[in-house]
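Asks: Here is a sequence together with a model predicted from it:
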Amino acid sequence: MRRKLVVGNWKMNGNLAQNNRLLEKLAHGLQDVSQVDIAVCVPYPYLFQAQQILANTNIAWGAQNVAKHENGAYTGEVSAAMLKEFGVSYVIVGHSERSDAYCESDANIADKFAIAKHHGLIPIFCVGETLQERESGVMEYAIANQLDSILSVSGGALLDQAVIAYEPVWAIGTNRTATPDQARAAHSFIRERIAAQHPGAAETVRIIYGGSVNPRNAAQLLSMPDIDGGLIGRCSLDADDFESICRAAC
Ligand SMILES: O=C(CO)COP(=O)(O)O
């Protein structure tokens, strides 16, 4: 039985004072929620703050990116070992906002996934089609290509404990959520694709949905078969909204 997982992706939002209020409120408000794993992925400079406030709570913290190299002359990059020093559990890799803006290739993303696993971090690997790909009927092809880049480099063993986020690009930040049936169909496709190569991993890997999840649509989405939780953008910045979504996953 896979445990549900709800992750907040703060993206490039927050400041010390706001974060303090948000994290304290979440730590308090969610303390009785034991049936669901919960995490917040914060900007790098706030990892220490998240660690200070969330240590000894039921909320884990994570980062939104990681370098594909161990260390060295890579200006501006942050390594997996550095993230571990701040108690990080999760790291998002391959978010479409990064792959679009910074031209991240599938091979780069696969390297980041592998290095995260190597350091005992849980990668949250994002896949999803653009609107054009969906409308032109190549959605499964697009998702399969993204998945295969990880499956071929990382293999089934590295999928153990990993998380895949299905984030249709057209649903991110748009208030245009995938319907529960659209999301379920994509999640089943992803699981079947993994099962064809790594049957054991397909059973255990958590596949979470991201894209305009809010307190009103969360319960329906998160109760669908094959949807093991959510990756929440805007609504993770509001303590009440994020708490409602976590509770909807119970
Ligand atoms: O990109 C997302 C999470 O990673 C989704 O963002 P929104 O929930 O704001 O649509």
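Replies: Cool, the structure landed. Residues are numbered from 1 along each chain as shown.
Asks: just so I have it, where are all the helices in the chain?
Replies: Counting by DSSP state H, the chain has helices at residues 16-29, 47-54, 80-85, 96-101, 106-118, 131-135, 139-159, 180-197, 199-204, 218-222, 239-248.
Asks: TSV for those helices, including mean neighbour count?
Replies: No exception for glycine: its C-beta is placed from N, CA and C like everyone else's. Converted to TSV, the helices of the chain look like this (neighbours: other C-beta atoms under 10 Å):
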stretch	mean neighbour count
helix 16-29	16
helix 47-54	18
helix 80-85	18
helix 96-101	16
helix 106-118	20
helix 131-135	15
helix 139-159	18
helix 180-197	17
helix 199-204	15
helix 218-222	20
helix 239-248	21
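Asks: Reformat those into a markdown table and put mean pLDDT next to each item.
Replies: Listed next are the helices of the chain as a markdown table, based on pLDDT from 0 to 100:
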| stretch | mean pLDDT |
| --- | --- |
| helix 16-29 | 98 |
| helix 47-54 | 98 |
| helix 80-85 | 98 |
| helix 96-101 | 82 |
| helix 106-118 | 93 |
| helix 131-135 | 96 |
| helix 139-159 | 85 |
| helix 180-197 | 95 |
| helix 199-204 | 88 |
| helix 218-222 | 98 |
| helix 239-248 | 98 |
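Asks: Out of those, which is closest to Lys4?
Replies: Smallest distance to Lys4 across the helices of the chain (C-beta to C-beta): 6.7 Å, for helix 218-222.
Asks: Determine the set of other helices and strands touching the closest one.
Replies: If contacts are counted by 3 or more C-beta pairs under 8 Å, 6 or more residues apart in numbering; DSSP states H and E, helix 218-222 sits against helix 180-197, strand 229-232, helix 239-248.
Asks: what are the pairing partners of the second one, and which direction each?
Replies: Next to strand 229-232 in the sheet, as set by DSSP bridges, lie strand 4-9 (parallel), strand 206-210 (parallel).
Asks: which outside residues touch the longest one?
Replies: In other words, strand 4-9. 35-41, 62, 64, 90, 92, 95, 124, 163, 165, 206, 208, 210, 222, 228-233, 236-237, 242, 245-246, 249-250 (C-beta atoms under 8 Å, 6 or more residues apart in numbering).
Asks: Just the buried residues from these, in ChimeraX please.
Replies: To isolate the buried ones among the contacts of strand 4-9 in ChimeraX, judged by 16 or more other C-beta atoms under 10 Å, type:
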select :36,37,38,39,40,41,62,64,90,92,95,124,163,165,206,208,210,222,228,229,230,231,232,233,236,237,242,245,246,249
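Asks: ok, which of the contacts of strand 4-9 also contact the ligand?
Replies: His95, Gly210, Leu231, Ile232, Gly233 (C-beta under 6 Å from any ligand atom).
Asks: Report the beta-bridge partner residues of the fourth one.
Replies: In this structure, Ile232 has beta-bridge partners Gly8, where bridges are defined by DSSP bridges.
Asks: show me the contacts for it.
Replies: Contacts of Ile232 (C-beta under 8 Å, 6+ apart): Val6, Val7, Gly8, Asn9, Gly210, Val213, Phe242, Ile245.
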